[in-house]
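> Got a predicted structure here, sequence first:
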Amino acid sequence: MTGPMSPDEALAVARLRQWCFDRLSLASARTCGYQRSGWQRRDERTFDARLVRVIDFARAMGKLDAEEQAALVLTYRDRERAPETARALGCSIRKLSYLVPAARRKLAAELDRLNLL
């Protein structure tokens with residue numbers, strides 16, 4: 001289903017997974033990976049950089065069609081298999097096998113255009 005990817009597409013998938021992790025970290029107010037013991041200054045630069053990455057990626061992802069966004073999110077963030085993804089999108093597995101690579105290419109092109117790869 002995923003087939004061979006170009007380097008830009010692989011980077012786009014990596015950015016998609018990073019975006020999911022960053023969104024989760026921001027939502028849970030976890031901005032860094034260390035354990036706090038006593039008072040420590042919040043690492044504002046890490047938080048701000050993560051927030052900017054999330055916003056920039058969301059802007060790039062917003063350029064895709066809703067169906068393409070859903071296909072990428074279900075495939076790479078939720079790690080759903082093709083039959084479940086196709087069922088959720090209301091399309092055939094064959095259409096999905098064309099939709100995901102096309103969406104990856106469009107996302108990679110948009111990330112490259114925005115200089116986010």
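The structure has been received and is ready for your questions.
> List the buried residues of stretch 83-94.
For stretch 83-94, burial by neighbour count (16 or more other CB atoms under 10 Å) applies to Thr85, Ala86, Leu89. All C-beta spots, glycine's among them, are computed from the backbone N, C-alpha and C.
> Kindly report the same for stretch 92-102.
Leu96, Leu99, Val100, Pro101.
> Can you pull out the low-pLDDT segments for this structure?
Within the chain, the ranges that satisfy pLDDT under 70 run 1-3, 29-47.
> centroid residue for it?
Among the residues of the chain, the one closest to the centroid is Leu16, at 1.9 Å (CA atoms, centre = their mean).
> Next, work out how far apart that residue and Asn115 are.
Noted for Leu16: a distance of 17 Å to Asn115, by CB to CB, to the nearest Å.
> same question, Lys95
On the measure of CB to CB, Lys95 and Asn115 end up 32 Å apart.
> Tell me where the chain has helices.
Under the criterion DSSP state H, the chain contains helices at 7-27, 44-61, 66-72, 82-89, 93-113.
> Buried residues of the shortest one, list them for me.
When you say that, I think you mean helix 66-72. Here helix 66-72 shows Glu68, Ala70, Ala71, Leu72 as buried, counting by 16+ other CB under 10 Å.
> Do I have it right that Arg23 meets Val54?
Yes. Counting by CB atoms under 8 Å, Val54 is a contact partner of Arg23 at 5.6 Å.
> Can you give me the neighbour number for Arg17?
13 (other CB atoms under 10 Å).
> Skipping adjacent residues, who's closest to it in space?
Excluding the flanking residues, the one nearest Arg17 by CB to CB, 6 or more residues apart in numbering is Tyr76, at 6.3 Å.
> burial count for the one you found?
The burial count for Tyr76: 19, using other CB under 10 Å.
> Hmm, Ala14 and it touching each other?
No. With contacts counted by CB under 8 Å, Tyr76 stays clear of Ala14, the gap being 9.5 Å.
> got a list of what Leu117 touches?
Asp8, Leu11, Ala12, Arg15, Ala108, Leu111 (CB atoms under 8 Å, 6 or more residues apart in numbering).
> Would you mind giving these as JSON lines with distance to Arg81 and neighbour count added?
Output for these, formatted as JSON lines (distance: CB to CB, whole Å; neighbours: other CB atoms under 10 Å):
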{"residue": "Asp8", "distance to Arg81": "25", "neighbour count": "16"}
{"residue": "Leu11", "distance to Arg81": "24", "neighbour count": "17"}
{"residue": "Ala12", "distance to Arg81": "21", "neighbour count": "29"}
{"residue": "Arg15", "distance to Arg81": "22", "neighbour count": "21"}
{"residue": "Ala108", "distance to Arg81": "23", "neighbour count": "22"}
{"residue": "Leu111", "distance to Arg81": "25", "neighbour count": "22"}
